[in-house]
Every structure is written in C-alpha cells, then in structure tokens.
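> sequence first, then the predicted structure:
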Amino acid sequence: MSIVYGGDKALGARIDKALADTRLGVTLQASRRHLIGFRGAVEERHPDWPERVDRARAIRSDAVARAPELLDRFEQQVTSRGGRVIRAATAGDAVQAVIEIARRRGAKIIAKGKSMVSEEIELNPALEAAGLTPVETDLGEWIIQLAGERPSHILAPMIHRSRGQVAEVLATHRGGPMSDDPQALVTYSREQLRTTFLEAGIGITGANFMIAESGTVIVLENEGNGRLVSSLPACHVVLAGMERVLETTADAAFMVEQLSLAAVGRELPSYVSWLSGPAADGDDGPEEFVVIVLDNGRSRIRASDEREILNCIRCGACQTVCPVYSKVGGHAYGSVYGGPIGAVLTPLLTGMQDDEGRKLPFLSSLCGACADACPVGIPLHDLLVRDRGLANRAGLASRGERAAWGAWSRAWASPRLYRASARAGARSGPFARAFGPGASWLEGRATLPLPSAKPFHRRWRDLESGG
Amino acid sequence: MIDEFIAAVVADGGQAARVSDINAARTHVAGILGRDATLCFWNGDPLVLALDPASLGRVVAPVEAFAGITGAACAVAATGTVVLTYGEGRSRATGLLPDLHLALLTADQVLPTLGEAIARVYAGEVPRAMTLVTGASATSDIEKIRVTGAHGPRRVAVVVIG
C-alpha cells in the first residue's frame, strides 16, 4: 500500500534512528513552541475560539455526511463552465488520469504545487516512469524532491532539515557553494524555478476545499507557486481528496480563516486562490481545468464509526503539538500522514490488515493535546483508542493476549473479583516484579512501590468504622 | 474602516496609502516606481487606465516588468486583503510575475470582513478565478523563519482613492 512507505524497515528501528538524531529533536521542539505561542495569540484575538471550533465541526460533519450529493453538485457546476471532474476510486486510477492528460496534451514538464494527495498516490515516481518530468515548486517540497526524501509534516514538509542541510541540497543542485542564509536560499529557488512555471505544460495543485454550490476549488499558500502553476500552464489539474467538499461559499470563507489560524496563526495566508473553471475569453488562465476527486478508501471510512477523521482539513497542528511526533518526527511513522492525524488515518486508509499501518495508533500517549489543537474539534485521542481496538481485533494482538485482557476487564468489573485480585497482587508482588509479564516494563521504575499488604478499600472501611 | 484596512496592510509588511483623487494617486505611484521603471498594467480596468500608467514607466510584458499595476474587485479591512478577479484586460500575470504588485482601488470597495467580500464577488456570475492577496509572497519552510519574495511579488503596495 502506497500510503505506508516504511515497510522496508521496522517501526522500532525508525524510531530509534529518530531519537538518536538530537538535532531533529531540537528543531521539532522549537516548532512546537512556535505553534503553542501563536495559538495563544489567536485565542486572544478570537475569544470565541471554542465556538469557532464547534461551528467548524458542524460544517465539516454535515459536509462529509452529504459528500456524495455535494460532490455531484460540485461536478455539475465545474462542468457547466467547461471544466471536468474525474472520480478516481483508487490511487492507480488517479495516477492514470494524470498520465492520460499529459499524453493527450503532449506535455513534458509538470509544475506541481503542494499536494498531500499527490504523495498519497505516489504520483511523482509514476510520472517519471511514464517519461514525464514533475517538478515540485513549493520550496520545501522542491528541496525534498532534490534530496530524494518524503515530506515529514503536512504543512512544513522539510521541518526535519536545518538551514545548513537545505544549503547542502542546493549546493549540490548548483554545483557550487551555497550560503545558508534563508533569504539567499529562497532567492536562488525563485530564480531556478521561474523557468519551470513558464515552460510547464501542466500545473498540478492540491485542494484545501471544494465548494459544491459554486464549483470552486480553494488553494491556500504563501509562496505564490500555487498561483503560478494554476495560472501559467495551459492545463491545470487539481488533486483533491473526496472529503474536502463544503456546501456554500459562506462556509468556505469561514473555513479558510479557520484553517489559516490553526496552521500559521494568521487570519489569512498570503494567497488564497478560488478557481472555478478554465479561463474565460480574453483571460490568460489555463484553457483546460480538471479536478481529480480521489476516494482511495475514504468512502469506506465514511461508512464506518471512525468517519469523523474525514473532517480533517490538514492544518498540521496536531502533528506539531504531539509529544510523540515532536520527539520522533514524521519519517519515523513511515506513512505519508504522520503524527496523530496520520496515526488515526493511515490504518483506516490501508485497512487494518496492513501490518505496518495498524501499528501507528499506538504511537501516542493519549494525552489529548492533538484534540485540543484541532480547529475542527476531531476527538483524535478517542479515535486513536478506537483504531487500537480495531487493530487488535484484526490480529495485531495474539488470541492469548486478547483473552487475557478480556478476562482482566471482566474481573475488575466485579467488586468481589477486584478485591481478590488486589489481595493476590499484594502477596505475589515481588514475584510478579521479577518474572511477571510486566517485568520489562517495571525495569527502570525502581522507585515504584509494591502493592500495600492492606489495600485502600480495606483501610477505608477500617477508617469509617472508627479504626 | 479605510484606516483599519491600511493598518492591516502595513502590519502584513505591505505599503498602503489613502489619496484624495486620481491625480494624487498618480503622483504617489510615480514616487513608488521611481525613474525608468518597467511596468505592466490592467488595460481593461477603468481606474488603472485613469492613472495613465504608460506615462509612469516603460511598458513591457509581465515576465519582464518590475511593477504590475492592477485594480481590485474589492478589499477586506479586517485582514488588509486585496481581492482580484480576472478577465479581458485583467491579466493574472500582472499582479503575479513582477517584483512589485501595485493595487489601485476606491474607498467604497473596502468591505469590513472576508465573508462580506466573498458574498459581494459571488453575488454575480461565479468568477473563473479569484485571488485573495494578503501581503507579499513569503515562505517559512526553512526553520520556520519567514522570508519574503518567494515565487510571487516581493512587495505589495496598495493605493486607496477617495
């Protein structure tokens, strides 16, 4: 399955590697502090933040519930202005659709704006195999493409790289020395990619939202590469996850601000493009406008009890605040979608039979920081627990382990059996410590006291009776 | 509300000024452009044409121009946002390829919130493309440090007339 790419190396080994990288930890912690700082400022400017989250949750839940109907309206609107909508059931269908458009148009260079769906369907290797030249134009994505890496964060794809490590990549590209001054690195990238925008036969972007009532695709960005790839090439192809639909332009105006506030702490990013079809007469935009709407497992999730994960608007806030993510970074997850959102979403997209994907919901302390940070109020920690249950029932836990926990659960639901187990625990404590199933967990917890010989419920009873 | 708009543009790192009429606007724009500027402009926008932009510099294609002069569909006071829609004589490249994007609008085009701006633009025929421009092109991809002048205009200057 393409979403999980880490299968070649065990999850534990990836985590060990990430933990050994001390510079990575410093970078991720700085980013976490940055987000926590601007979130405080956002909540000061918007004291109604909890109500905003409730409103966003209601808008998204309603839109996901009515997605098939809203997507039909979206398609009808886009088509009425001469655009085209392609429904892709699988990653392979989406990739094939892009290749067919490129072949028909005789396009060679494909300029790309940022798109997580493009990563999910592994578009770039497929395009290269078809003899095409995809060029990432978002600064972070470009560096990662040059370095042969994957993005490690939804919003900040090269968050794992220091400026020196960015300069190294560009020095190789240039074939000469490169300053590590961010301004110099950005200026070099601007100069290098200008010709790509002008020469590309096709521009590809993702979609932050689709609006049903107007047939509009919305793209948020700061760099201007999204505007360039959707304006200059003769053909603009949009890659959109099917869940990213909204009903009205008024909903979209609110959600655009909500996404920007959660992602970067500003009311609006530098640019928000609202694109509703090919160029009209005399307009210098693209003559062809195609929206590829990807399912790839989303309909199955929509029909499940975990459907609220489809409300996600990909702001990346849950990744940045997560204590696990901010220790190990995105690559350790081995999924296109890392962090709490990825830990929930990845196994739902792959299916719980996927050996690697179903391990991800366990990369969480269930502290709930992700749910607190979520601008659309997704109860991520609850979904992590649900996913764990699904993973265990699908075979991650052995039959013996499941039977043992089942017995424990039933025993502690009964006061009589609970007391019996407490008495047994107190007596067998030293033995269990050394040899029991929890022995390795207890290692290094030397100060953990042994169970008292007189359990609390008995002491309480004695206290009550005036003892 | 105009003051709020201008303050928001400046807070985003842009330039903004309010002038009394089109002649004052021309003087102001000439000051920003300096001598011998290369420029392109929306030749289908009455407000931009009234500025007589050809008298302010050498007119070239957007890809070669230092400055691009556009009008606007409307603007948002709360966020300092300029709303662009495109068509005949209102090229997408004008406010995108040059280093400097100069946007010209009248005071009555400034609306309080994004919601009102979207409602106004979408009240008529759905535009094929609309861009909300809030500040200059920027990136924070390198160590979260904000650097302006990524792929779009390095600077934005807004002139409000009236």
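The structure has been received and is ready for your questions.

> any weak-confidence spans in the chain?
Just going to use chain A. For chain A, applying pLDDT under 70 flags the ranges A:1-2, A:6-9, A:429-439, A:442-450, A:467.

> hmm, I had chain B in mind actually
Those would be none, if you go by pLDDT under 70 across chain B.

> and the residue of it nearest chain A?
With C-beta to the nearest C-beta as the measure, B:Gly152 is the residue of chain B nearest to chain A, at 2.4 Å. Just so you know, the C-beta spots here come from the backbone N, C-alpha and C atoms, and that holds for glycine as well.

> wouldn't that residue be in contact with A:Arg227 here?
Yes - assessed by C-beta atoms under 8 Å, B:Gly152 is found in contact with A:Arg227 at 6.3 Å.

> need the contact list for the residue of chain B closest to chain A.
By C-beta atoms under 8 Å, 6 or more residues apart in numbering or on different chains, the contact set of B:Gly152 is A:223-224, A:227-228, A:270-271, B:96, B:101, B:136-137.

> backbone torsions only: list them for it.
phi -100, psi -160 (degrees, to the nearest 10).

> ok, back up a step: now render the contacts of B:Gly152 as TSV, adding secondary structure, distance to A:Ser152 and neighbour count.
Output for the contacts of B:Gly152, formatted as TSV (DSSP: H, G, I helix; E, B strand; the rest coil; distance: C-beta to C-beta, whole Å; neighbours: other C-beta atoms under 10 Å in any protein chain shown):
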residue	secondary structure	distance to A:Ser152	neighbour count
A:Glu223	coil	19	30
A:Gly224	coil	23	28
A:Arg227	helix	26	32
A:Leu228	helix	25	29
A:Ser270	coil	23	29
A:Tyr271	strand	24	25
B:Leu96	coil	30	25
B:His101	strand	33	26
B:Ala136	coil	27	24
B:Ser137	coil	24	29
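
> of those residues, which is the nearest to B:Ala67?
Nearest to B:Ala67 among the contacts of B:Gly152 is B:His101, at 7.8 Å by C-beta to C-beta.

> stretch B:2-19: end-to-end distance?
Stretch B:2-19 has an end-to-end distance of 11 Å (criterion: C-alpha to C-alpha, to the nearest Å).

> rewinding a little: out of everything not next to it in sequence, what's closest to the residue of chain B closest to chain A?
Closest residue in space to B:Gly152, ignoring its immediate chain neighbours: A:Gly224 at 2.4 Å, by C-beta to C-beta, 6 or more residues apart in numbering or on different chains.

> tally of neighbours for residue 122?
Picking chain A for this. A:Glu122 has 17 neighbouring residues, counting by other C-beta atoms under 10 Å in any protein chain shown.

> actually it's chain B I care about, not the one you picked
Residues within reach of B:Tyr122, counting by other C-beta under 10 Å, total 22.

> name the element it belongs to?
Using DSSP states H and E, B:Tyr122 maps to helix B:114-123.

> quick one, the very next helix or strand once past that helix and helix B:114-123 angle?
Sequence-wise, the next helix or strand downstream of helix B:114-123 (DSSP H and E) is strand B:129-133. Interaxial angle, strand B:129-133 versus helix B:114-123 (axes from the mean of the first three to the mean of the last three C-alpha atoms, to 10 degrees): 160 degrees.

> pretty sure B:Thr81 sits against B:Leu114.
Yes - at 6.9 Å, B:Thr81 and B:Leu114 qualify as touching, with contact defined as C-beta under 8 Å.

> what do those two both touch?
A:268, B:132.

> ok, those two, which is more surrounded?
Neighbours were counted for B:Thr81 and for B:Leu114 using other C-beta under 10 Å; B:Thr81 has more, 29 against 24.

> can you give me the neighbour number for the closest residue to that one other than its chain neighbours?
Nearest non-adjacent residue to B:Thr81, counting by C-beta to C-beta, 6+ apart: B:Thr134, 4.5 Å away. If you count neighbours by other C-beta under 10 Å, B:Thr134 ends up with 24.

> got the buried residues for stretch A:95-114?
Neighbour-count burial for stretch A:95-114 flags A:95, A:97-99, A:101-102, A:107, A:109-114 (criterion: 16 or more other C-beta atoms under 10 Å in any protein chain shown).

> quick one: which of the residues you listed is nearest A:Leu363?
Distance ranking of these against A:Leu363, using C-beta to C-beta, places A:Lys114 first at 24.6 Å.

> related to what we said a few turns ago, quick check: buried residues in the helix holding B:Tyr122?
B:114-115, B:117-118, B:121-122.

> any bit of that helix sitting next to chain A?
Yes - Helix B:114-123 comes into contact with chain A (C-beta under 8 Å from any C-beta of the partner chain), by way of B:114-115, B:118-119, B:122.

> tell me which two of those sit farthest apart.
The most widely separated members of those, counting by C-beta to C-beta, are B:Leu114 and B:Tyr122 (12.0 Å).

> got the buried residues of stretch A:95-114 as TSV, with distance to A:Leu127 and secondary structure columns?
TSV is the format used below for these (distance: C-beta to C-beta, whole Å; DSSP: H, G, I helix; E, B strand; the rest coil):
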residue	distance to A:Leu127	secondary structure
A:Val95	8	helix
A:Ala97	12	helix
A:Val98	7	helix
A:Ile99	7	helix
A:Ile101	11	helix
A:Ala102	7	helix
A:Ala107	10	coil
A:Ile109	10	strand
A:Ile110	6	strand
A:Ala111	12	strand
A:Lys112	9	strand
A:Gly113	15	coil
A:Lys114	16	coil
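
> and stretch A:257-272, how far out from the chain middle?
17 Å (C-alpha atoms, centre = their mean, to the nearest Å).

> one more: stretch B:28-47?
In terms of C-alpha atoms, centre = their mean, the centre of stretch B:28-47 is found 11 Å from the chain centre.

> so for it, what gets flagged as buried?
Neighbour counts over stretch B:28-47 (16+ other C-beta under 10 Å) mark B:28-29, B:32-33, B:37-43, B:45, B:47 as buried.

> check stretch B:15-31 too.
B:15-19, B:22, B:25-26, B:28-29.

> what is the nearest of those to A:Cys318?
Of all the buried residues of stretch B:15-31, A:Cys318 sits closest to B:Ala16, with 36.0 Å by C-beta to C-beta.

> wait, a strand at the closest one?
Yes - counting by DSSP: H, G, I helix; E, B strand; the rest coil, B:Ala16 is part of a strand.

> distance-wise, check it relative to A:Gly206.
In this view, B:Ala16 and A:Gly206 are 31 Å apart by C-beta to C-beta, to the nearest Å.

> domain ranges for chain A?
A:1-45+A:307-397, A:48-296, A:412-439+A:451-464 (automatic domain parsing).

> among those domains, which is nearest B:Gly57?
With C-beta to C-beta, the closest approach to B:Gly57 among the domains of chain A belongs to domain A:48-296: 21.1 Å.

> pretty sure B:Leu114 contacts B:Gly80?
No - in this structure, B:Leu114 is not within contact of B:Gly80 by C-beta under 8 Å, at 11.1 Å.

> center of the chain - which residue?
Reading this off chain A. In chain A, the C-alpha nearest the mean C-alpha coordinate belongs to A:Tyr337, at 4.0 Å (C-alpha atoms, centre = their mean).

> hmm, I had chain B in mind actually
B:Ala103 (2.4 Å).
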